[in-house]
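Chemist: Below: sequence and its predicted model.
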Amino acid sequence: MTDYAIGDIQGCYDRLREVLDKVSFSPSRDRLWVAGDLINRGPSSLETLRFIEQMGESAQVVLGNHDLHLLAVAIGGHQPRKKDTFADILDAPDHDRLVDWLRQQRLCIHDKKRNLVMAHAGIPHIWSVKQAVSLAQEVESVIRSRQAEEYFTHMYGNEPDRWSKKLEGAERWRVVTNYFTRMRFIDEHGALELSSKEGVDTAPEGYAPWFEFPREDDVRIVFGHWAALEGETGQDRFIGLDTGCVWGGALTIMNLDTGEKLHCDC
């Protein structure tokens, strides 16, 4: 069995199949770790979601901001945005099953044997791996519960911009979600700056990419979300896999044990 991780697919179903063929991927033999943003902006969100859902336990998935946005529309009463391309999911006869499956996915996956964590945007230096997993599980349980409508109704927003254990309810859920799914630049105290989306050299004053702050552990972190990085973090332990497929870049897949990367141009 081989475990592969893949960056943001965003509904680029044909490119997904192409890159899987390049590694001779078989769900009966291998596992695919998906770093979030399975859907949206690309042309085939429904096909992509169905394909990964049908992999069963051969797919290890963390939720990205676009996946949560779909759930916010489906559950939280929000309206789709002009650039959204997931109407096919909302109109599909298996809509309820797909939405329920998406709700069961995680925000953070910790592989202790590999000393590796996967989260869509990464993990801030202010959290240990144990704390990150605990906070992820806390929000995951809300998404799967009867509180899901409340969560998605109040999910959007940039405040609070910094984690505090004193936070409760919607504010607590929101900031945890923002770290896992929207984070790029933060400051030394962990405060989020969520308006800047370009490369590392565009950090606002007082902020830096989250992976440039020292951590007390040596865990490897696999993430997506930040297409402007083009997969380059400058540090082997921080592995960016979003190489901008939906923006005309590439879709990247990596062998989790060897570190070998393959891609298909988009």
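Modeler: Thanks, I have the structure now. Everything quoted here is computed from the prediction, not taken from an experiment.
Chemist: quick one: the strands in the protein?
Modeler: 3-6, 31-34, 59-61, 108-111, 116-119, 185-186, 192-193, 208-209, 220-223, 238-240, 250-255, 261-265 (DSSP state E).
Chemist: Which of those comes out lowest on mean pLDDT?
Modeler: Note on these: lowest mean pLDDT is at strand 261-265, with a mean of 93.
Chemist: Tell me, how many residues neighbour Val200?
Modeler: Under the neighbour criterion other C-beta atoms under 10 Å, Val200 is assigned a count of 17. Bear in mind the C-beta positions are built from the backbone N, C-alpha and C, glycine included.
Chemist: Can you verify my assumption that Glu260 contacts Ile253?
Modeler: No: using C-beta atoms under 8 Å, Glu260 makes no contact with Ile253, being 9.3 Å away.
Chemist: before we move on, the earlier item: would you format the strands of the chain as a markdown table with mean neighbour count included?
Modeler: What follows is the strands of the chain, written out as a markdown table (neighbours: other C-beta atoms under 10 Å):
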| stretch | mean neighbour count |
| --- | --- |
| strand 3-6 | 22 |
| strand 31-34 | 22 |
| strand 59-61 | 20 |
| strand 108-111 | 20 |
| strand 116-119 | 25 |
| strand 185-186 | 25 |
| strand 192-193 | 21 |
| strand 208-209 | 18 |
| strand 220-223 | 24 |
| strand 238-240 | 24 |
| strand 250-255 | 22 |
| strand 261-265 | 17 |
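Chemist: Would you tell me which of the ones you listed gets closest to Gln137?
Modeler: strand 108-111 (8.2 Å; C-beta to C-beta).
Chemist: From the contact counts, what lies against that closest one?
Modeler: Here strand 108-111 is seen to pack against strand 116-119, helix 129-143 when contacts are counted using 3 or more C-beta pairs under 8 Å, 6 or more residues apart in numbering; DSSP states H and E.
Chemist: one step back: who wins for proximity to Leu16 among the strands of the chain?
Modeler: For Leu16, the closest of these is strand 250-255, at 6.6 Å, according to C-beta to C-beta.
Chemist: Counting by contacts, list what that closest one packs against.
Modeler: Going by 3+ C-beta pairs under 8 Å, 6+ apart, strand 250-255 lies up against strand 3-6, helix 13-22, strand 261-265.
Chemist: so can I have TSV of those showing distance to Ala74?
Modeler: What follows is the helices and strands packed on strand 250-255, written out as TSV (distance: least, C-beta to C-beta, whole Å):
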stretch	distance to Ala74
strand 3-6	24
helix 13-22	20
strand 261-265	30
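Chemist: of those, which approaches Ser44 most closely?
Modeler: Per C-beta to C-beta, nearest to Ser44 of those: helix 13-22, 3.6 Å.
Chemist: Can you give me the buried ones in that closest one?
Modeler: Neighbour counts over helix 13-22 (16 or more other C-beta atoms under 10 Å) mark 13, 15-17, 19-20 as buried.
Chemist: and the residue lying closest to Ala5 once chain neighbours are set aside, what is it in contact with?
Modeler: The shortest distance from Ala5 to any non-neighbouring residue, by C-beta to C-beta, 6 or more residues apart in numbering, is to Trp33 (4.0 Å). By C-beta atoms under 8 Å, 6 or more residues apart in numbering, the residues touching Trp33 are 3-6, 60-61, 109, 118, 222, 256.
Chemist: State the distance from Trp33 to Glu193.
Modeler: Trp33 sits at a distance of 28 Å from Glu193 (criterion: C-beta to C-beta, to the nearest Å).
Chemist: Ok, Ala208 next?
Modeler: Counting by C-beta to C-beta, the gap from Ala208 to Glu193 is 10 Å.
Chemist: Tell me the residues that contact both of those two, please.
Modeler: With C-beta under 8 Å, 6+ apart, Ala208 and Glu193 have common neighbours 185-187.
Chemist: remind me which residues of the stretch 101-250 of the chain are low pLDDT?
Modeler: The model of the stretch 101-250 of the chain has no residue with pLDDT under 70.
Chemist: ok, which stretches of it are helices?
Modeler: 129-143, 148-153, 169-181 (DSSP state H, counting those that start in this stretch).
Chemist: list the buried ones in the longest one?
Modeler: Using 16+ other C-beta under 10 Å as the burial criterion, the residues of helix 129-143 that qualify are 129, 132-133, 135-136, 139-140, 142-143.
Chemist: Cool, thanks, signing off.
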